[in-house]
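Participant: fold the following.
(chains A and B)
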Amino acid sequence: MSELEARLSRYRQIVDDWQAFLAACRRPLPTVVWANPFRAEHMRRLEGSDALPPDASWCKTAAQTTDLLVRRLERRGLGVERIAWCPGALRVEGFNKPGITIEHYLGLMHVQEEISLAPAPVLAPQPGERVLDLCAAPGGKTAQIAVQMEGRGTVVANDVRPQRLRALRSNSDRLGLHNVVVTPIDGTRFPMSDETPFDRILLDVPCSCEGNLRQQSGGGRQAGSSFLRGRSGLQATLLGRAWRLLRPGGILVYATCTFAPEENELVLDYCLGDDAEILAVDLPGLSAAPGVTEWDGKSLRSDCTNVARYWPHLNDTGGFTVARVRRRPVPKDEAAGVVDTVEDCG
Amino acid sequence: MTGMIFEPVDCEPVVAWWQERFAAPPEQLDGYVAYQRGRDTIWLAPREVDPGDLSPIDGVGFPFVRIGGAVWKPTSVAAMKLGTLVTRNAVEVDRASARAFVSGASLDVGVAGVDAKGASRGYVIVRYLGVPLGCGHLLGEEVLCMIPKGRRAELDFG
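Facilitator: Okay, here's the model as predicted:
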C-alpha cells in the first residue's frame, strides 16, 4: 500500500470508486483562471473591442470579458477550455506562470483552483445584499462574491491572520473591487449586531487541507491527529459564531478543502439545531457525492446527506466539501427568506 | 498596520481634485463616499457599502488618494481602477516602455514610445493602449515609476 493510500484509507468506505479516487489524487491539477468583469473596460481597450451599449446587463459584460480573455490566452498558444458549471472560469493547459503575465497584473483574471470556485455560487449572493466572508484570505472567493453581487451591496471580508490579510487586500486592489469592507478580526469573536445581520455568510474554515494534495505544494495533514481534533474545535466555534451573525431566513455556506467527516458533517451535526436546515446543493455540471450520515459508529442528523462532497475523481479537481445551510425564518416572518433566483447568464 | 479608524469625510474636495488634475468625466465618481484612514489616505466606496459598527476595519472600498504630502498623490489602485476615463495628465506608452515601467523603470519623456503631450509636472497616469498601468511622477523630462515595489515585475506581455 502506498503512503498516499495508507493516508487516505480511512475514507475507503465512503468513496464510491477507490481506484479512480487514488488515481485522481496522483495527477497534477491544470491551471484555472476566471475572467474579471470589473476590468471589462480594460479588456476591451487592450483588445480593441467595441463597448457594449450602456444598458448592457452584467451578464453580457461578464460574457464579453470572458470571450476576450479566451482570445488573449489562445493567442498565447495556450489550450483553453471553458468550465461549464462556473461561467467565466477557464481551464488552461500549459499556463506555467500566470502570475507574471500582464493579464494578471492588470486584474483581468484571477488564478484559483477549480473546485475552490464552488462555494461562492453555492452561496449565490445577490446584488445589494450584506454578505460576510468570515475566513476570507487570500480573497479569491471574496472576489467571486463581489462579482456575483455585480459590485452592489456590501461584502465584509474578514481574516485574523495578518500575512494572509495582506494577500486579501492585494487581490482586492488588483481586481478593482470596491464594495468590500476588510476586517482583521478573530472570527470566533466577530462582533454581533442586531441592526446589521448578514443575509449570507461564507464560512470557508481553516482545515487540514487534504483536498489540496494534488497541488504542487502538497497539502494535507494526517487525519486523526491532534491537529485534526484541534481544527474541529476551532471549526465548531467559528460555525457557532457565524450562525449568530446570520439573519433568520439567511443562507450560510460551510466549506472545507478536506475530506474528514470530523471537519465537515460532524461539525455541522454538533453545532446546528432545529432552526437550521441543510439544503441540497445543485451546481449543474459539477458532480457531487452525498454527505455522510453515519461515521465511526455515530449517527448524524439526516440532512447531512445534503452536504456536497466533491471527491477529486468526480470532476478531476482537488477535493472540497460544501454545505448550504438555511436559517429558518421566525414563524411570523415566513416570507423573509433570501431571494434565491439567480439571473441566468447562460 | 491594521485596524485603524476609518472616518467618513466630505467627498467633494477629493472629487474636485481628481476632476481638475485628470479631467475625469464629472459623473465618474457619482455615488461614492469618502473615508479617511489615519492622517494621509482617503478611501472611496459606493454609498451603499455599509461598514455598520464593525471595528477594527482594515479597508473600506479602495484607497484613492494620499493627502499627507505637499501634493496629493493618486494611489496606484485608483489609477488602475479609474484611469481609463481620464483625459488630462495621462502618459501613453508603447509596449516596450510599458514593460519597462511595470518593472520599475523611469521613462524618458519625448523618446519614441512615450507620449506625455499636454501633461504637467506632478502625478500622472501611465497607460498602454489606453489601459492604466499605474501612477507615475512627471519631473522634468522623466516619468518616475510610482508603482509599489511589491507589485513591480518583469511581466510576460504575450
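Participant: the longest helix belonging to chain B: which residues count as buried?
Facilitator: As assigned by DSSP state H, the longest helix anywhere in chain B is helix B:12-22. Residues of helix B:12-22 classed as buried: B:14-15, B:17-19, B:21-22 (neighbour count, 16 or more other CB atoms under 10 Å in any protein chain shown). Every C-beta, even on glycine, is put in place using the N, C-alpha and C of the backbone.
Participant: show me what that helix is packed up against.
Facilitator: strand B:62-66, strand B:73-74, strand B:122-128 (3 or more CB pairs under 8 Å, 6 or more residues apart in numbering or on different chains; DSSP states H and E).
Participant: mind giving me the packing neighbours of the least confident helix or strand in chain B by mean pLDDT?
Facilitator: Lowest by mean pLDDT, DSSP states H and E among the helices and strands of chain B is strand B:6-9, with a mean of 94. Identification of packing neighbours for strand B:6-9 by 3+ CB pairs under 8 Å, 6+ apart yields strand B:32-37.
Participant: flag every buried residue along the strand it packs on.
Facilitator: Under the neighbour-count criterion of 16+ other CB under 10 Å, strand B:32-37 has B:32-37 buried.
Participant: for whichever residue of the stretch 1-150 of chain A sits closest to chain B, give me its contacts.
Facilitator: Residue of the stretch 1-150 of chain A nearest chain B, by CB to the nearest CB: residue A:45 (4.3 Å). By CB atoms under 8 Å, 6 or more residues apart in numbering or on different chains, the residues touching residue A:45 are B:84, B:129-131.
Participant: compare those and tell me which is most surrounded.
Facilitator: Counting neighbours by other CB atoms under 10 Å in any protein chain shown, residue B:131 comes out on top of those with 20 neighbours.
Participant: tell me the residues of the stretch 1-150 of chain A that contact chain B?
Facilitator: The stretch 1-150 of chain A comes close to chain B at residues A:41-42, A:45-46, A:48, A:72, A:75-76, A:97, A:100-103, A:105-107, A:128, A:130, as judged by CB under 8 Å from any CB of the partner chain.
Participant: which of those count as buried?
Facilitator: The neighbour count (16+ other CB under 10 Å) marks A:41-42, A:45-46, A:72, A:101-103, A:105-107, A:130 as buried among those.
Participant: inside strands: which ones of those?
Facilitator: residue A:130 (DSSP state E).
Participant: state the distance from the closest residue to residue A:85 other than its chain neighbours to chain B.
Facilitator: Using CB to CB, 6 or more residues apart in numbering or on different chains and skipping the chain neighbours, the partner closest in space to residue A:85 is residue A:285 (3.4 Å). Distance, residue A:285 to chain B, using CB to the nearest CB, to the nearest Å: 29 Å.
Participant: give me the neighbour count for residue A:285.
Facilitator: Residue A:285 has 9 neighbouring residues, counting by other CB under 10 Å.
Participant: for it, report the pLDDT, please.
Facilitator: For residue A:285, the model assigns a pLDDT of 96.
Participant: do residue B:61 as well
Facilitator: Looking at residue B:61, its pLDDT stands at 98.
Participant: can you check residue A:346 too?
Facilitator: What the model reports as pLDDT for residue A:346 is 50.
Participant: show me what from chain B comes close to chain A.
Facilitator: By CB under 8 Å from any CB, the part of chain B that sits against chain A consists of B:2-3, B:44-46, B:48-63, B:77, B:80-81, B:84, B:102, B:129-133, B:150-151, B:153-158.
Participant: from these, list just the buried residues.
Facilitator: Buried members of the residues of chain B next to chain A, scored by 16+ other CB under 10 Å, are B:2, B:44-46, B:49-52, B:54, B:57-63, B:77, B:80-81, B:84, B:102, B:130-133, B:151, B:153, B:155-156.
Participant: which of those residues fall within helices?
Facilitator: Members of these lying in helices (criterion: DSSP H): B:77, B:80-81, B:102.
Participant: of all these, which two lie farthest apart?
Facilitator: By the measure CB to CB, those have their two most distant members at B:81 and B:102, which lie 16.3 Å apart.
Participant: SS state for residue B:137?
Facilitator: Here residue B:137 is strand, with the state taken from DSSP: H, G, I helix; E, B strand; the rest coil.
Participant: please look at residue A:280 and residue A:306 and confirm they touch.
Facilitator: Yes: taking contacts as CB atoms under 8 Å, residue A:280 lies within contact range of residue A:306: 4.8 Å.
Participant: show me the common contact partners of those two, please.
Facilitator: residue A:324.
Participant: neighbour count winner among the two?
Facilitator: For residue A:280 versus residue A:306, neighbours defined as other CB under 10 Å are more numerous around residue A:306 (19 against 12).
Participant: and the gap between the more buried one and residue B:33?
Facilitator: In this view, residue A:306 and residue B:33 are 41 Å apart by CB to CB, to the nearest Å.
Participant: over to residue A:45?
Facilitator: As defined by CB to CB, residue A:45 lies at a distance of 28 Å from residue B:33.
Participant: part of a helix, is residue A:174?
Facilitator: Yes: looking at residue A:174 with three-state DSSP, it is inside a helix.
Participant: and residue A:328, how many neighbours?
Facilitator: 14.
Participant: was I right about residue A:325 contacting residue A:242?
Facilitator: No: with contact defined as CB under 8 Å, residue A:325 does not count as touching residue A:242 (9.7 Å).
Participant: grab the nearest non-local neighbour of residue B:133.
Facilitator: In space, and not counting its chain neighbours, residue B:133 is closest to residue B:126: 5.0 Å by CB to CB, 6+ apart.
Participant: same question for residue B:123.
Facilitator: Nearest to residue B:123 is residue B:73, by CB to CB, 6+ apart, at 5.3 Å.
Participant: please name the residues that touch the one you found.
Facilitator: Going by CB under 8 Å, 6+ apart, residue B:73 touches B:65-66, B:123, B:135, B:146.
Participant: try residue A:203
Facilitator: Here residue A:203 is in contact with A:134-135, A:238-239, A:242, A:252-255 (CB under 8 Å, 6+ apart).
Participant: flag the shaky bits of chain B, pLDDT-wise.
Facilitator: Applying pLDDT under 70 to chain B flags the ranges B:1-3.
Participant: geometric centre of it: which residue is closest?
Facilitator: Nearest residue to the geometric centre of chain B (CA atoms, centre = their mean): residue B:79, 2.9 Å.
Participant: I figured that residue hits residue B:134, correct?
Facilitator: Yes: between residue B:79 and residue B:134 there is a contact at 5.5 Å, judged by CB under 8 Å.
Participant: give me the neighbour count for the residue lying closest to residue B:57 once chain neighbours are set aside.
Facilitator: Once flanking residues are discounted, residue B:57 sits nearest to residue B:6: 5.1 Å by CB to CB, 6+ apart. Per other CB under 10 Å, the neighbour tally for residue B:6 reads 23.
Participant: related to what we said a few turns ago, which strand residues bridge the residue nearest to residue B:123?
Facilitator: residue B:66 (DSSP bridges).
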